[in-house]
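Colleague: sequence plus predicted model, see below.
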Amino acid sequence: MRIVNIISYILVIVGAINWGLFGLFDFNLVSTIFAGARTVGSVIVYTVIAAAALWLILSPFITDGVLWLSNRRSRAN
């Protein structure tokens, strides 16, 4: 589950950067890469980013409030 959380954070950061570029410079990075805002590639990227955001919202509820980003194992000394 840790790798899913890390990938989700990366995707949400990409989405946030895209929104920042769009808000500041009226430049949509995703639609530029895929040659249009409603092309199949753009819709897939937007959907995957939205799913990643939903995962980051819901995963703490699934894991009793813990969002794992690293392997934390207790050691018995």
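Modeller: Looks like it arrived, so ask away.
Colleague: and the closest residue to T39 other than its chain neighbours, how many neighbours does it have?
Modeller: The spatial neighbour of T39 that comes closest, neighbours along the chain excluded (C-beta to C-beta, 6 or more residues apart in numbering), is S31 at 7.7 Å. Glycine gets a C-beta too; all of them are placed from N, C-alpha and C. Number of residues near S31 (other C-beta atoms under 10 Å) recorded here: 18.
Colleague: the helix or strand hosting S31: how far from the chain's middle?
Modeller: When elements are assigned from DSSP states H and E, S31 belongs to helix 29-33. For helix 29-33, the separation from the chain centroid amounts to 16 Å (computed by C-alpha atoms, centre = their mean, to the nearest Å).
Colleague: list the buried residues of that helix.
Modeller: Buried residues in helix 29-33, counted by 16 or more other C-beta atoms under 10 Å: 29-31.
Colleague: list the helices and strands that helix packs on?
Modeller: Applying 3 or more C-beta pairs under 8 Å, 6 or more residues apart in numbering; DSSP states H and E, we find helix 29-33 packed against helix 2-25, helix 40-62.
Colleague: save these as CSV, and put in mean neighbour count too.
Modeller: Shown next, in CSV, are those (neighbours: other C-beta atoms under 10 Å):
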stretch, mean neighbour count
helix 2-25, 14
helix 40-62, 14
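Colleague: in TSV: those, plus mean pLDDT.
Modeller: TSV is the format used below for the helices and strands packed on helix 29-33 (pLDDT from 0 to 100):
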stretch	mean pLDDT
helix 2-25	93
helix 40-62	92
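Colleague: SS state for V66?
Modeller: coil (DSSP: H, G, I helix; E, B strand; the rest coil).
Colleague: thinking again about what came up before, let me know the closest of the buried residues of helix 29-33 to D64.
Modeller: V30 (34.5 Å; C-beta to C-beta).
Colleague: tell me how far the residue nearest to T39 lies from G41.
Modeller: Distance, S31 to G41, by C-beta to C-beta, to the nearest Å: 9 Å.
Colleague: quick check: closest non-adjacent residue to F22.
Modeller: In this structure, F22 finds its nearest non-sequential neighbour in N28, 5.1 Å apart by C-beta to C-beta, 6+ apart.
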